[in-house]
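What shape does this take:
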Amino acid sequence: MLTRYAKRMLGIVLPIFLLGFAAISMASTHNVTDPAGSNKQSLSLTDQVRHELRMLPYLGVFDDLSYTVEDSNTVILTGQVVRPISKSDAEAAVRRIQGVSKVVDNIEVLPLSSFDDAIRLRTYRAIFARPGFEKYADQAVSPLRIIVKNGNITLEGFVANQMDKTMAEMAARSVPSAFIVIDNLAIDRKETQ
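Numbers count the residues shown, from 1 in each chain. Predicted coordinates for the structure are as follows:
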């Protein structure tokens, strides 16, 4: 009986294993033969800068980085970050990109403040605890950013629709001890269409 059971299981498991192996083999062959997927040179300088900034390990929802490319090889970095290492990492990452001849680092490191840290945490909870906002919190890089400086809250980034924009601003305005709330959120047209 055990032999018949073993043969039956082998008849079930072996085809599944072979199909899985074939799928992995085909996927790895696809990556090798697709030069556009593996060649960073095919990306524009703007795309490369965006990619490098999104890959920074210490950026979070309380940081906001922006950039412009001028004269086709000069990158100007702007925005605010909580940790000084994020500023230096951003500049170093962009400097390594082939084709960048100059980096102007105008990133502001926000002042150390336990008062601002408390407002950041309360604002995060107020916004992302709302029903429907988990879609922004669950992303690797949240499109909604919370910048707190000297007790003032600025909302940056993108949301899917006007309702989310209004709800995020209302949540930020409900945070105790915050002085001013500035809503710079834009509506992401791709998500609403």
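
which stretches of the chain have low pLDDT?
1-42, 189-193 (pLDDT under 70).

Contacts only, for the spatially most central residue of it.
For the chain, residue 141 is the residue whose C-alpha lies nearest the centre (Cα atoms, centre = their mean; 2.0 Å). Applying Cβ atoms under 8 Å, 6 or more residues apart in numbering, we find residue 141 in contact with 54, 59. C-beta here means a position set from N, CA and C on the backbone, and glycine is covered the same way.

Likewise for residue 54?
For residue 54, the contact set (Cβ under 8 Å, 6+ apart) comprises residue 141.

ok, now residue 90?
53, 56, 65, 77, 81, 105, 107.

got the contact list for the third one?
Residues in contact with residue 65, defined by Cβ under 8 Å, 6+ apart, are 53, 56, 59, 77-79, 81, 86, 90, 107.

out of the residues you listed, which one sits closest to residue 147?
residue 79 (8.5 Å; Cβ to Cβ).

in the sheet, who's paired with that closest one?
residue 65, residue 107 (DSSP bridges).

got the domain boundaries for this protein?
2-33, 43-109, 114-192 (automatic domain parsing).

Next, count neighbours for the nearest residue to residue 152 once chain neighbours are set aside.
Using Cβ to Cβ, 6 or more residues apart in numbering and skipping the chain neighbours, the partner closest in space to residue 152 is residue 180 (4.5 Å). Residue 180 has 10 neighbours, counted by other Cβ atoms under 10 Å.

And residue 180, its phi and psi?
Dihedral pair for residue 180: phi -130, psi 140, per degrees, to the nearest 10.

What of residue 129?
Per degrees, to the nearest 10, the backbone of residue 129 is at phi -80, psi -10.

State the number of residues packed around it.
11.

Tell me how far the helix or strand harbouring residue 69 lies from the chain's centre.
Element membership for residue 69 (DSSP states H and E) is strand 64-70. Centre-to-centre, strand 64-70 and its host chain are 15 Å apart (Cα atoms, centre = their mean, to the nearest Å).

now stretch 89-96
With Cα atoms, centre = their mean, you get 17 Å for stretch 89-96.

next one: stretch 59-77
Worked out by Cα atoms, centre = their mean, stretch 59-77 lies 14 Å from the chain centre.

now the end-to-end length of it.
14 Å (Cα to Cα, to the nearest Å).

buried residues in it?
By 16 or more other Cβ atoms under 10 Å, the buried positions in stretch 59-77 come out as 59-65, 67, 69, 75, 77.

just these now: which is nearest residue 94?
residue 75 (5.2 Å).

what's the helix or strand for residue 115?
helix 114-128.

contacting residues around that helix?
Here helix 114-128 has contacts from 61-62, 82, 110, 133-134, 136-137, 144, 146, 148-151, 153, 168, 171-172, 174-178, using Cβ under 8 Å, 6+ apart.

Please save the CA atoms from that helix in PDB.
Extracted C-alpha coordinates of helix 114-128, given in PDB (Å, rounded to 0.1, in the frame of the first residue of the first chain):
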ATOM      1  CA  SER A 114      10.900  66.200  20.000                       C
ATOM      2  CA  PHE A 115       8.000  68.700  19.600                       C
ATOM      3  CA  ASP A 116       8.000  68.200  15.800                       C
ATOM      4  CA  ASP A 117       8.500  64.400  16.200                       C
ATOM      5  CA  ALA A 118       5.400  64.200  18.300                       C
ATOM      6  CA  ILE A 119       3.400  66.200  15.700                       C
ATOM      7  CA  ARG A 120       4.700  63.900  13.000                       C
ATOM      8  CA  LEU A 121       3.500  60.800  14.800                       C
ATOM      9  CA  ARG A 122       0.100  62.300  15.600                       C
ATOM     10  CA  THR A 123      -0.300  63.500  12.000                       C
ATOM     11  CA  TYR A 124       0.600  60.100  10.600                       C
ATOM     12  CA  ARG A 125      -1.900  58.400  12.900                       C
ATOM     13  CA  ALA A 126      -4.600  60.900  12.200                       C
ATOM     14  CA  ILE A 127      -4.200  60.500   8.400                       C
ATOM     15  CA  PHE A 128      -3.400  56.900   7.900                       C
END
